[in-house]
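**Q** All I have is the shape, not the residue letters:
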């Protein structure tokens with residue numbers, strides 16, 4: 001009965017009549033012997049609750065980029081930043097709508113299979129490669145935070161003034177230990193839905209971070225008195241401490257790709273949709289909308305209160321700004337620990353779509369195997385650990401990856417998949433929906449060209465401009 005209800009729901013929403021709906025969903029038709037049956041949403045009964053799905057998707061959205069949003073606001077002004085943040089959040093929700101619509105029409109539950117339906121095997125390989133490259137970059141950025149911050153946190157808790165070289169203050173050893181004892185066991189879960197509890201805890205750590213940012217706004221005056229004065233920060237005047245509503249400078253254009261990358265969660269959308277209990281397009285869209293709204297509020301509040309604490313003094317990494325003002329601040333030390341926990345618990349969520357992509361490429365027809373499941377997780381973590389340990393210029397490498405993969409995942413692929421997959425008898429090529437999707441994909445190309453231009457300019461001038469990343 002539940003299967004029949006879902007099929008009827010598809011028929012009503014997509015405008016297919018009963019015969020077309022049955023034709024679309026091949027499981028209602030007799031199969032010829034030896035003909036491969038394509039995977040559909042209806043072949044899998046999701047067990048993850050609505051709330052847990054929100055935790056997982058919110059955790060997928062939430063990235064280390066939140067630490068750079070106050071810096072972004074200082075280079076755009078409060079009003080312009082808010083307009084940009086609202087626009088990117090709406091565009092991200094629209095992008096997820098396109099993906100879910102495509103998935104609903106063809107009954108496919110994998111990003112890579114949407115690429116296969118749209119462009120054949122090359123489309124499948126493109127989607128799988130983009131997801132793999134982007135998420136490996138994201139995992140590496142999270143482990144880089146662990147590598148750089150965890151030794152400082154341990155050093156502070158031990159009361160040491162400087163790193164004296166013990167093995168437990170070596171970031172390379174620490175990321176191996178964290179990967180083996182925390183990340184790998186979580187990555188071995190069979191289903192993504194099981195990570196809902198760790199995702200909820202990870203989000204609670206980021207809420208603690210937000211509360212601390214708000215609290216510090218009312219405890220750090222501007223201009224800084226002598227007890228807070230630090231030569232690395234400008235002790236501003238009263239005029240300097242006035243918030244700017246609109247600001248345009250050489251760094252303003254960097255805020256747009258920073259914000260766009262801050263909402264990348266698209267590789268995780270379809271796996272979460274698959275495992276959602278009573279899965280329908282409308283229900284999954286609500287999961288996405290609630291998650292995006294929650295992250296929008298957290299991003300906006302973090303940016304506003306972080307900016308209103310330091311104004312023009314805010315640095316590209318907000319926690320470093322607090323530490324330079326007062327290196328012995330216990331609250332900021334706890335916040336840094338909370339952020340470390342949050343990014344560590346996010347790594348397994350990001351790993352799941354990579355494993356799904358590799359399975360689609362390497363073992364598309366093979367049934368679930370624990371050996372393959374465990375082997376891929378181990379090899380991925382081993383590779384990411386090697387990257388983080390041995391590649392010193394990883395920021396530039398993954399800056400290049402992020403400039404190409406993030407616009408592809410948010411804008412380009414959902415837009416062109418929608419144009420190719422939605423049947424023309426349902427929506428003609430020149431219909432408003434398909435024209436919007438095509439323009440959406442074109443916007444992604446603009447973002448990509450703009451982001452790549454910024455990176456090339458940085459490399460050419462030798463300047464380091466950071467402040468974001470997912």
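**A** Arrived safely. Since the structure is predicted, the reported quantities are computational estimates derived from the model, not experimental observations. Residues are numbered from 1 along each chain as shown.

**Q** What is the longest helix of the chain by residue count?
**A** helix 121-157 (DSSP state H).

**Q** May I see the buried residues of it?
**A** Neighbour-count burial for helix 121-157, with 16 or more other C-beta atoms under 10 Å as criterion, is recorded at 123-147, 149-156. All C-beta atoms are positioned from the backbone trio N, CA, C, and that covers glycine.

**Q** again, but for stretch 71-90
**A** Result for stretch 71-90 [16+ other C-beta under 10 Å]: buried residues 71-78, 80-82, 84-85, 88-89.

**Q** Could you do stretch 167-177 as well?
**A** For stretch 167-177, by 16+ other C-beta under 10 Å, it's 169, 171, 174, 175, 176.

**Q** Please identify which of those residues is nearest to residue 429.
**A** residue 175 (49.5 Å; C-beta to C-beta).

**Q** who does the helix or strand containing the closest one touch, helix- and strand-wise?
**A** Counting by DSSP states H and E, the element that carries residue 175 is helix 171-178. Using 3 or more C-beta pairs under 8 Å, 6 or more residues apart in numbering; DSSP states H and E, the elements in contact with helix 171-178 are helix 121-157, helix 370-390.

**Q** what about the ones you listed, which gets the closest to residue 195?
**A** Ranking the helices and strands packed on helix 171-178 by distance to residue 195, with C-beta to C-beta as the measure, places helix 370-390 first at 12.8 Å.

**Q** which other residues reach the closest one?
**A** 136, 139-140, 143-144, 147, 172, 175-176, 179, 183-184, 187-188, 190, 351, 354-355, 358-359, 363, 366, 394 (C-beta atoms under 8 Å, 6 or more residues apart in numbering).

**Q** tell me the mean pLDDT for that helix?
**A** Averaged over helix 370-390, pLDDT sits at 91.

**Q** Just want the angle from that helix to helix 121-157.
**A** 60 degrees (axes from the mean of the first three to the mean of the last three C-alpha atoms, to 10 degrees).

**Q** What about residue 456, how many residues nearby?
**A** 12 (other C-beta atoms under 10 Å).

**Q** same check, this time on residue 215
**A** Residue 215: 13 surrounding residues under other C-beta under 10 Å.

**Q** Could you check the pLDDT of it?
**A** Reported pLDDT for residue 215: 92.

**Q** Contacts only, for it.
**A** Shown in contact with residue 215 (C-beta under 8 Å, 6+ apart): residue 331.

**Q** Where does it sit, in terms of helix or strand?
**A** helix 196-217.

**Q** And the contacts of the helix or strand following that helix?
**A** Once the chain leaves helix 196-217, the next helix or strand it forms, by DSSP H and E, is helix 255-262. Contact partners of helix 255-262, identified using C-beta under 8 Å, 6+ apart, comprise 61, 63, 65-66, 68-69, 72-73, 75-76, 81, 84-85, 88, 295, 299, 402-403, 406-407, 410, 447, 450-451, 454, 467-470.

**Q** and the residues you listed, which of them are in helices?
**A** 61, 69, 72-73, 81, 84-85, 88, 295, 299, 402-403, 406-407, 447, 450-451, 454.

**Q** how far is the helix or strand following the helix holding residue 175 from where the chain is centred?
**A** Per DSSP H and E, the first helix or strand lying C-terminal to helix 171-178 is helix 184-187. Taking C-alpha atoms, centre = their mean, to the nearest Å, one finds helix 184-187 lying 19 Å from the centre of the chain it belongs to.

**Q** Give the buried residues for helix 184-187.
**A** For helix 184-187, the neighbour count (16+ other C-beta under 10 Å) marks 184, 186, 187 as buried.

**Q** Select the helix or strand of the protein having the lowest average pLDDT value.
**A** The weakest-scoring helix or strand in the chain, judged by mean pLDDT, DSSP states H and E, is helix 18-24 (a mean of 37).

**Q** one step back: quick one: closest of the helices and strands packed on helix 171-178 to residue 223.
**A** helix 121-157 (27.1 Å).

**Q** Give me the angle between that closest one and helix 171-178.
**A** Interaxial angle, helix 121-157 versus helix 171-178 (the same axes, to 10 degrees): 110 degrees.

**Q** So which elements touch helix 121-157?
**A** Contacts defined by 3+ C-beta pairs under 8 Å, 6+ apart place helix 121-157 against helix 111-119, helix 171-178, helix 266-275, helix 330-362, helix 370-390, helix 394-407, helix 413-421.

**Q** Those into TSV, with extra columns for distance to residue 105?
**A** Putting those into TSV (distance: least, C-beta to C-beta, whole Å) gives the following:
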stretch	distance to residue 105
helix 111-119	9
helix 171-178	42
helix 266-275	13
helix 330-362	19
helix 370-390	30
helix 394-407	24
helix 413-421	6
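
**Q** Of those helices, give the one that comes closest to residue 433.
**A** helix 413-421 (7.7 Å).

**Q** got the contact list for that closest one?
**A** 95-96, 98-99, 101-102, 105-106, 111, 114-115, 117-119, 126-127, 130, 266, 429, 433-434, 437-442, 444.

**Q** any idea how far the residue nearest to residue 183 when sequence neighbours are not counted is from residue 444?
**A** Leaving aside its sequence neighbours, residue 183 sits nearest to residue 347 (C-beta to C-beta, 6 or more residues apart in numbering; 4.9 Å). Residue 347 is 26 Å from residue 444, where distance means C-beta to C-beta, to the nearest Å.

**Q** Mind checking which of the two has more residues around it?
**A** Set residue 347 next to residue 444 and count neighbours by other C-beta under 10 Å: residue 347 wins out with 27 against 24.

**Q** so the more buried one makes contact with residue 145?
**A** No: in this structure, residue 347 is not within contact of residue 145 by C-beta atoms under 8 Å, at 10.4 Å.

**Q** any idea which element residue 426 lies in?
**A** Applying DSSP H and E, one finds residue 426 in no helix or strand.

**Q** Okay, now the unreliable bits of the stretch 1-150 of the chain?
**A** Residues of the stretch 1-150 of the chain that meet the criterion pLDDT under 70 lie in 1-46, 64, 108-109.

**Q** for residue 369, phi and psi?
**A** Backbone torsions of residue 369, given as degrees, to the nearest 10, read phi -130, psi 130.

**Q** got the contact list for it?
**A** residue 363 are the contacts of residue 369 under C-beta under 8 Å, 6+ apart.

**Q** For it, give its distance to residue 355.
**A** In terms of C-beta to C-beta, residue 369 sits 12 Å off from residue 355.

**Q** per-domain residue ranges of this structure.
**A** Split into domains by automatic domain parsing, the chain comes to 1-37, 46-461.

**Q** Point out the most buried one among those domains.
**A** Highest mean neighbour count of the domains of the chain: domain 46-461, a mean of 19 (counted as mean count of other C-beta atoms under 10 Å).
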